[in-house]
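Chemist: Return a 3D structure for these sequence lines:
(one chain, ligands or ions: 1)
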Amino acid sequence: MSVDEVVRIFGVPERVELAEGIVVRRYVEEDIAPLVDVVNANLEHLKPWMPWAQEPQTVEQQLDWFREADRGWADGTNYVYGIFDADGRIIGGSGFHIRNGPGVLEIGYWLAADAVGKGIITRVTEALTAVAGGLDDVTRVEIHCDVGNVRSSAVPRRLGYTLVRTEPREIVAPGETGTHEIWSITV
Ligand SMILES: CC(C)(COP(=O)(O)OP(=O)(O)OC[C@H]1O[C@@H](n2cnc3c(N)ncnc32)[C@H](O)[C@@H]1OP(=O)(O)O)[C@@H](O)C(=O)NCCC(=O)NCCS
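Modeler: Model prediction:
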């Protein structure tokens, strides 16, 4: 594949429902103001690991991000989801990144601090891994995380992913060590 060849994957569902009313779905514009509130209320929790959570966000900035996310959905290059509880409250985010070559989806995630420790991201990731396995042209799912982010790496470990390598990576958030773990599963 040449470096400028864009990988596109289609058929990704906009909504995935889990037990206990947890919903993983594509954001709509009305979600953006509550999303900003949740992120800003969780900055200290997110800052160590999420490069986009270093400063308080504004609705205007996030609307730009939302439009960019919508383009990813339209052109098959990136898929962003919100995670919602049974009351429809935003409790986190996830998604499929397409940036590791043909046939590979990378799952990313974050949770609000008060949603941590309940198995929610493990269940979301398990469901999204199954979704990926049902897509044409997807053969592998990866999860990338800093070696210091033990809560994050516990998720693929719990789900039977294999740690295939570590590699140096630019530090983009203050908790990072500069070494990333690459977890992989064949689907
Ligand atoms: C990474 C992050 C999403 C992990 O959240 P988490 O709550 O630890 O992960 P889960 O939702 O899968 O919950 C796992 C915990 O719930 C428990 N649990 C309860 N029921 C469970 C179930 N049905 N299945 C799995 N785990 C369950 C597990 O034992 C584990 O408990 P522990 O806290 O004692 O280890 C969270 O720490 C976070 O948002 N961090 C900041 C952002 C970030 O780092 N993102 C990742 C960047 S790579």
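Chemist: Scan this protein for its longest helix.
Modeler: The longest helix of the chain (DSSP state H) is helix 59-75.
Chemist: List the buried residues for that one?
Modeler: Neighbour-count burial for helix 59-75 flags Gln62, Trp65, Phe66, Ala69, Gly72, Trp73 (criterion: 16 or more other C-beta atoms under 10 Å). Any C-beta I mention is one placed from the backbone N, CA and C, and that applies to glycine too.
Chemist: Stretch 11-19 now?
Modeler: For stretch 11-19, the neighbour count (16+ other C-beta under 10 Å) marks Val12, Val16 as buried.
Chemist: how deep is Leu135 tucked in, by neighbour count?
Modeler: Per other C-beta atoms under 10 Å, the neighbour tally for Leu135 reads 17.
Chemist: which non-adjacent residue is nearest it?
Modeler: Distances taken as C-beta to C-beta, 6 or more residues apart in numbering put Gly11 closest to Leu135, at 5.2 Å, once the chain neighbours are dropped.
Chemist: Point me to the residue of the protein nearest the ligand.
Modeler: In the chain, no residue comes nearer to the ligand than Gly119, which is 2.2 Å away by C-beta to the nearest ligand atom.
Chemist: any idea which helix or strand carries the most centrally placed residue in the chain?
Modeler: Taking C-alpha atoms, centre = their mean, the centroid of the chain lies closest to Gly108, which sits 2.4 Å from it. Counting by DSSP states H and E, the element that carries Gly108 is strand 104-111.
Chemist: Give me the neighbour count for the nearest residue to Gln57 once chain neighbours are set aside.
Modeler: Take Gln57 and drop its neighbours on the chain: the residue closest to it by C-beta to C-beta, 6+ apart is Val36, 5.1 Å away. Counted with other C-beta under 10 Å, residues neighbouring Val36 total 20.
Chemist: pretty sure Val36 is touching Asp64, no?
Modeler: No: judged on C-beta atoms under 8 Å, Val36 makes no contact with Asp64 at a distance of 12.0 Å.
Chemist: Could I get the buried residues of helix 59-75 in JSON lines, plus columns for distance to Gln54 and pLDDT?
Modeler: Listed next are those as JSON lines, based on distance: C-beta to C-beta, whole Å; pLDDT from 0 to 100:
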{"residue": "Gln62", "distance to Gln54": "14", "pLDDT": "97"}
{"residue": "Trp65", "distance to Gln54": "14", "pLDDT": "98"}
{"residue": "Phe66", "distance to Gln54": "19", "pLDDT": "98"}
{"residue": "Ala69", "distance to Gln54": "19", "pLDDT": "98"}
{"residue": "Gly72", "distance to Gln54": "22", "pLDDT": "98"}
{"residue": "Trp73", "distance to Gln54": "26", "pLDDT": "98"}
